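>>> coordinates only, no sequence provided:
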């Protein structure tokens with residue numbers, strides 16, 4: 001699936017004076033009762049999940065929102081894009097769609113959003129899988145700190161900025177990604193509006209918003225899987241192991257020959273683990 005085909009699946013919901021673009025796919029007898037929400041990170045969008053979407057949607061109603069300021073959700077300037085606000089947005093979006101709770105599968109800052117939901121909005125989360133997620137004081141990485149400086153908007157054009165990001169992000173893959181995939185991941189940001197929105201997104205990254213919930217992680221009481229591309233250079237596996245220890249009963253699943261973008265490096269293995277985890281009837285146990 002190329003990014004234009006993926007975008008064609010998206011719907012739009014208004015939340016106050018903002019709007020959220022999202023995919024809502026799924027089948028099977030449990031599709032309406034057992035929804036799964038997949039959350040992306042920075043600097044990508046929902047297209048990140050295109051290789052595992054078919055497998056998950058076979059048995060579950062699968063929803064993939066673009067976070068505010070990302071992808072094809074609202075990218076206007078002058079609003080807060082922090083993971084605190086993103087978690088509040090997901091709560092409001094679920095309310096708007098009539099979804100009481102869902103299994104969350106989340107990556108990077110999307111994982112930070114999901115961890116905030118699981119600790120501060122626990123009624124929303126029925127299961128939790130985080131992949132190569134931001135947590136504790138593991139973030140922001142140097143690239144995002146530099147990119148989020150307000151002066152970045154005048155240093156380079158959108159096309160040059162995207163070129164720089166493309167080169168930098170390749171180190172997040174175990175093998176060189178296909179040009180089509182890389183182009184798709186950054187497609188929404190090729191305009192000056194998209195570039196500025198991505199800069200604002202990077203400027204919103206705040207370590208305090210994950211360290212704030214460190215003492216609450218032990219309160220998470222839903223089945224949890226911490227799945228990690230073990231060769232990640234952006235979010236080191238030591239943080240994932242710590243997370244798996246701090247969340248009661250969490251399962252630690254390292255994925256070999258995968259880096260930060262584990263769902264693109266090893267889509268079949270990730271899909272297999274997700275299918276098993278999402279269909280399990282009892283909580284996972286520590287590995």
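Arrived safely, thanks for sending. As the structure is a computational prediction, the values presented were derived from the model and not from experiment.

>>> and residue 159, which helix or strand is it part of?
Secondary structure from DSSP states H and E places residue 159 in helix 158-169.

>>> ok, residues contacting that helix?
43, 143, 147, 152, 156, 182, 185-186, 189-192, 194-195, 198 (C-beta atoms under 8 Å, 6 or more residues apart in numbering). Glycine gets a C-beta too; all of them are placed from N, C-alpha and C.

>>> filter those to the buried ones?
43, 143, 147, 152, 182, 185, 186, 189, 194, 195, 198 (16 or more other C-beta atoms under 10 Å).

>>> mind listing what's buried in whichever helix in the chain runs longest?
The longest helix of the chain (DSSP state H) is helix 83-97. Within helix 83-97, the residues that count as buried by 16+ other C-beta under 10 Å are 83, 84, 85, 86, 87, 88, 89, 90, 91, 93, 94, 97.

>>> list the contacts of the last one.
So that's residue 97. Contacts of residue 97 (C-beta under 8 Å, 6+ apart): 13, 24, 63.

>>> same check, this time on the second one
With contacts taken as C-beta under 8 Å, 6+ apart, residue 84 has the following neighbours: 116, 209.

>>> how far away is it from residue 91?
11 Å (C-beta to C-beta, to the nearest Å).

>>> now do the strands in this protein.
Per DSSP state E, the chain carries strands over the ranges 11-15, 18-25, 36-39, 62-65, 102-108, 125-133, 224-229, 251-255.

>>> wait, which of the buried ones among the contacts of helix 158-169 is closest to residue 271?
residue 185 (18.5 Å; C-beta to C-beta).

>>> next up, the contacts around the nearest residue to that closest one once chain neighbours are set aside.
Counting by C-beta to C-beta, 6 or more residues apart in numbering, the nearest residue to residue 185 once its immediate chain neighbours are dropped is residue 44, at 4.6 Å. Neighbouring residues of residue 44 by C-beta under 8 Å, 6+ apart: 70, 71, 185, 186.
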